[in-house]
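Chemist: starting from these lines, generate the structure:
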Amino acid sequence: MKKSQLSVEVCFSPALYNFHHNVDKVVVVVDILRATTAICSAFMNGVSSIIPIGSADEAREYKSKGFMVAAERDGLVLDFADFGNSPYNFTPDRVSGKQIVYSTTNGTNAIQMASSCYRVGVGAFLNLDALALWIASLNREVVILCAGWKNRFSLEDSVFAGALTDKLIGEYQYDTKCDSVLASLDLWEKASPNLIVYMLKAAQKARLAANGLDDVFEYCLTPNLTTIIPVLEHNLLIPFDSKILNGNRIGAIAK
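Modeler: Residues are numbered from 1 along each chain as shown. Modelled structure (predicted):
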């Protein structure tokens with residue numbers, strides 16, 4: 001008998017996540033502009049681990065205990081933080097070998113929301129191919145959770161969801177009965193011929209530009225700069241390098 005295909009779902013907003021939540025599933029959190037791109041960049045540049053924090057007050061408390069803290073709200077660095085969530089902040093000289101506390105407007109709350117699931121990974125264009133391989137290696141159904149903007153729909157996260165589901169369905173034989181997946185695939189088909197031009201219309205691009213923070217825009221849309229997937233383990237993000245995986249080991253990674 002033919003093995004049933006694994007399913008992929010897309011959740012367009014944290015406000016909808018309760019309808020997708022299943023502790024047996026893998027959840028991939030995406031916040032392309034800029035939180036999950038920054039997290040992937042931090043691990044590219046040698047961060048040892050990241051503590052994702054939801055509230056600014058909790059982040060402030062960590063700072064008072066001597067932790068290095070990256071924290072922002074509405075794109076702006078909080079007054080007590082060492083730096084904000086621009087990927088360009090996480091340079092090797094600042095972060096290599098260090099543990100960082102991280103709190104953002106949308107992304108870190110989404111990570112915490114999914115924390116009880118089988119696996120939680122962090123996705124960005126930077127680790128797109130590696131992320132698809134990692135998901136397939138777990139041999140589980142998957143939900144792509146778009147962090148969005150204050151529970152609103154986010155174009156850049158949804159387009160990325162389409163890029164990832166395109167790989168999961170086309171290369172790893174995932175299936176779907178989720179209309180959000182179909183919509184994200186349509187968005188990806190429209191955007192992919194010239195992703196940077198298409199994404200200029202995103203509301204978050206305008207928000208970043210208004211504060212002079214859109215210097216990372218093209219970088220955040222650059223695919224496959226790293227093979228590292230940040231994975232949540234006991235409320236701590238740690239790096240998993242997908243280079244240990246190959247086509248013969250799909251399904252071999254167990255919790």
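
Chemist: quick one: the helices in this structure?
Modeler: 35-44, 56-64, 92-95, 107-113, 128-138, 155-172, 179-191, 195-199, 203-210, 217-220 (DSSP state H).

Chemist: contacts only, for Thr108.
Modeler: Ala35, Pro52, Ile53, Gly54, Tyr102 (CB atoms under 8 Å, 6 or more residues apart in numbering). To be clear about C-beta, it is placed using only N, CA and C from the backbone, and glycine gets the same treatment.

Chemist: closest to Asp82 out of those residues?
Modeler: Among the contacts of Thr108, Tyr102 lies closest to Asp82 (CB to CB), at 10.7 Å.

Chemist: give me the pLDDT for that closest one.
Modeler: We have a pLDDT of 96 for Tyr102.

Chemist: and the one 5 residues further on, by the same measure?
Modeler: Turning to Gly107, the model gives it a pLDDT of 92.

Chemist: ok, it touching Leu33?
Modeler: No: using CB atoms under 8 Å, Gly107 is not in contact with Leu33, being 10.0 Å away.

Chemist: which one of those two has more residues nearby?
Modeler: More crowded of Gly107 and Leu33, by other CB atoms under 10 Å: Leu33, with 32 against 29.

Chemist: find the nearest non-adjacent residue to that one, please.
Modeler: Gln204 (4.5 Å; CB to CB, 6 or more residues apart in numbering).

Chemist: residues near the one you found, how many?
Modeler: Neighbours of Gln204 using other CB under 10 Å come to 23.

Chemist: and what of the one 5 residues further on?
Modeler: Using other CB under 10 Å as the criterion, Ala209 is surrounded by 13 other residues.

Chemist: roughly how far apart are it and Ala202?
Modeler: 10 Å (CB to CB, to the nearest Å).

Chemist: next up, the contacts around the closest residue to Asp74 other than its chain neighbours.
Modeler: Nearest non-adjacent residue to Asp74, counting by CB to CB, 6+ apart: Thr105, 6.0 Å away. Contacts for Thr105 (CB under 8 Å, 6+ apart) come out as Ala35, Glu72, Arg73, Asp74, Gly75, Trp149, Lys150.

Chemist: ok, residues contacting the helix or strand bottoming out on mean pLDDT in the chain?
Modeler: Every helix and strand of the chain was ranked by mean pLDDT, DSSP states H and E. The lowest is strand 76-77, at a mean of 90. For strand 76-77, contacts defined as CB under 8 Å, 6+ apart pick out Ala71, Phe83, Gly84, Asn211.

Chemist: let's go with 10 Å and repeat that
Modeler: Ala70, Ala71, Phe83, Gly84, Asn85, Ser86, Asn89, Thr105, Asn211, Leu213 (CB atoms under 10 Å, 6 or more residues apart in numbering).
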